[in-house]
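Peer 1: When you get a sec, could you give me coordinates for this:
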Amino acid sequence: MEETLRQSIKHHGVPFQMLKIIEECSELQKAILRAMEAGIIKEFGIIPPYLESNPNEVKTYHNLVDEAADVAIMCEYLEILLGKEKIEARKKFKIERLKNKLNQ
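Peer 2: Got it, this is the predicted structure:
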C-alpha cells in the first residue's frame, strides 16, 4: 500500500496531494456534522443504524465511515511526506500530555 501512495505522490506532486488532504479532512468534518444531526453520534459512542432503520441514517453512517477511511489514507500520505517516526514521536508526546490532563 505504501508503494502505491508513493507512486501517487510522484505522479500528482506534493502540492496536489496537500490540497487533497485538505479536501478529505473537510469532507470528514461535513460527514461528522451530518451524523450528529442525524442522531447517530451519541454521548458515549457512534450507533450504527440497523439496515431496516431510516435509509437516510444508514446512508449518513456509511458516508461517515467512508470519509474516515479517506482521512486515514491521507494520514498515511502525511507519514510519507513528513516522516512516520516524527509523527509517532509527537503522537506519543501528545497522548502522554492528554493522560496527564485526565489524571489531574
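
Peer 1: Who are the contact partners of the closest residue to residue 1 other than its chain neighbours?
Peer 2: Residue nearest to residue 1 in three dimensions, not counting chain neighbours: residue 76, with 7.5 Å by C-beta to C-beta, 6 or more residues apart in numbering. (Glycine included, C-beta is placed from N, CA and C.) Shown in contact with residue 76 (C-beta atoms under 8 Å, 6 or more residues apart in numbering): 1, 2, 5.

Peer 1: Any regions of this structure where pLDDT drops low?
Peer 2: Within the chain, the set of residues satisfying pLDDT under 70 comprises 51-52.

Peer 1: can you give me the helices for it?
Peer 2: Taking DSSP state H to define them, one finds helices in the chain at 2-12, 14-38, 55-82, 84-102.

Peer 1: Output those in CSV; the columns should cover distance to residue 44.
Peer 2: Converted to CSV, these look like this (distance: least, C-beta to C-beta, whole Å):
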stretch, distance to residue 44
helix 2-12, 34
helix 14-38, 14
helix 55-82, 17
helix 84-102, 16
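
Peer 1: List just the one of those helices that sits closest to residue 49.
Peer 2: helix 55-82 (4.0 Å; C-beta to C-beta).

Peer 1: Could you check how far the closest one is from the centre of its chain?
Peer 2: Computed by C-alpha atoms, centre = their mean, to the nearest Å, the separation of helix 55-82 from the middle of its chain amounts to 5 Å.

Peer 1: Next, the buried residues of it.
Peer 2: Residues of helix 55-82 classed as buried by neighbour count (16 or more other C-beta atoms under 10 Å): 57, 58, 60, 61, 63, 64, 67, 70, 71, 74, 77, 79.

Peer 1: Which two of these have the greatest separation?
Peer 2: Once C-beta to C-beta is applied, these give 57 and 79 as the farthest pair, at 33.3 Å.
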